[in-house]
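Novice: Need a 3D model of the sequence below.
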Amino acid sequence: MESDEASAARARHATADFLTKVCPWVDADAVMLVVSELVSNAVKHTAGWWRLRVQAFQSRLVVEIDDTSEVLPAPRTPNLDGGGGMGWHMVQQLATRVEVRRRAEGKTVCAIWMRAEAVPGQ
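Specialist: Here you go, the predicted structure:
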């Protein structure tokens, strides 16, 4: 099944609902910006399906998106005239940690938020 923009809207709505119920400690605005960016990029740059997973553990929130594109995210020089290039920088700044893993059929982008008291040195 291919994922489309309608399923992207459902993914964002489900994430917002999950955050409210399960992760009241997280900066929901930051997470939603990252989810929107990752889902939008998957819709735009992936010819096949994509899947979003949002999971909470004791002191962390994990947002993962799998897609069928083998092209890894890379920073671009931002174009302030509306040409983009800011998304990947934003994802890396808003999440505590970001990981990209290759899979047999594409990749997984993982954004992780740690609960403030769980981050060493804070």
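
Novice: check contacts around residue 109.
Specialist: Shown in contact with residue 109 (Cβ atoms under 8 Å, 6 or more residues apart in numbering): 38, 64-65, 73, 91, 98-100. Bear in mind the C-beta positions are built from the backbone N, C-alpha and C, glycine included.

Novice: list the contacts for residue 36?
Specialist: Contacts of residue 36 (Cβ under 8 Å, 6+ apart): residue 12.

Novice: follow-up on the earlier one: pick the one among the contacts of residue 109 closest to residue 24.
Specialist: Closest approach between the contacts of residue 109 and residue 24, by Cβ to Cβ: residue 64, at 21.0 Å.

Novice: quick one: low-confidence ranges for the protein?
Specialist: 1-2, 4-5, 118-122 (pLDDT under 70).

Novice: please redo it, this time with the cut-off set to 90
Specialist: 1-12, 40-49, 58, 74-87, 116-122 (pLDDT under 90).
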